[in-house]
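In: this one's structure only:
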């Protein structure tokens, strides 16, 4: 009886410790494309000054870009993403005019169905952006 009792307690302890160690297999997994809440949508910040400058982000199935109204655009192609807590890290390839390939990183966090926070790089400040359908017009011309 004493041996059976010790064997039972040992088995119970082994099972309980084995059940407590949970593994997160998808923590370091890179998924192809973009998260669903960013895919095929456009987002922009509020107007920054009287000249109605703003920053906008656009994602498709395999590309992602963030652009300021008066600056050039860098489109990251062949993107993949990884979820880190509530934030998604997006990694893509950017080819500059000299045909050199660079890895670019963006971060995106979903706030609501119409709002996200997005930013450049692996660290830094995130900009709050709102979903929109059409680019604003200034003096009859599309302002992007």
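Out: All right, it came through fine. All values reported here derive from a predicted model rather than from experimental measurement.

In: Correct me if wrong: residue 45 contacts residue 57.
Out: No. Residue 45 lies out of contact with residue 57 (C-beta atoms under 8 Å); the separation is 9.0 Å. Using the backbone N, CA and C atoms, a C-beta is placed for each residue, glycine as well.

In: what about the two, which has more around it?
Out: Counting neighbours by other C-beta atoms under 10 Å for residue 45 and for residue 57 shows that residue 57 has the greater number, 22 against 17.

In: tell me the pLDDT at that one?
Out: Predicted confidence (pLDDT) for residue 57: 87.

In: For it, list the residues it contacts.
Out: Contact analysis of residue 57 by C-beta atoms under 8 Å, 6 or more residues apart in numbering lists 38, 42, 43, 44, 64, 65, 66, 67, 108, 116, 118, 129.

In: what's the distance between the residue nearest to residue 42 when sequence neighbours are not counted and residue 123?
Out: Excluding the flanking residues, the one nearest residue 42 by C-beta to C-beta, 6 or more residues apart in numbering is residue 58, at 4.9 Å. Residue 58 sits 23 Å away from residue 123, going by C-beta to C-beta, to the nearest Å.

In: Which one of those two is surrounded by more residues?
Out: A direct count of neighbours by other C-beta under 10 Å for residue 58 and residue 123 places residue 58 higher, at 18 against 8.

In: one step back: quick one: which of the contacts of residue 57 sit in helices?
Out: Among these, DSSP state H puts none in helices.

In: tell me which of these is nearest to residue 79?
Out: Closest approach to residue 79 among these (C-beta to C-beta): residue 64, at 5.1 Å.

In: Show the contacting residues for the closest one.
Out: Residues in contact with residue 64 (C-beta under 8 Å, 6+ apart) are 34, 38, 57, 58, 75, 76, 79, 90, 92, 106.
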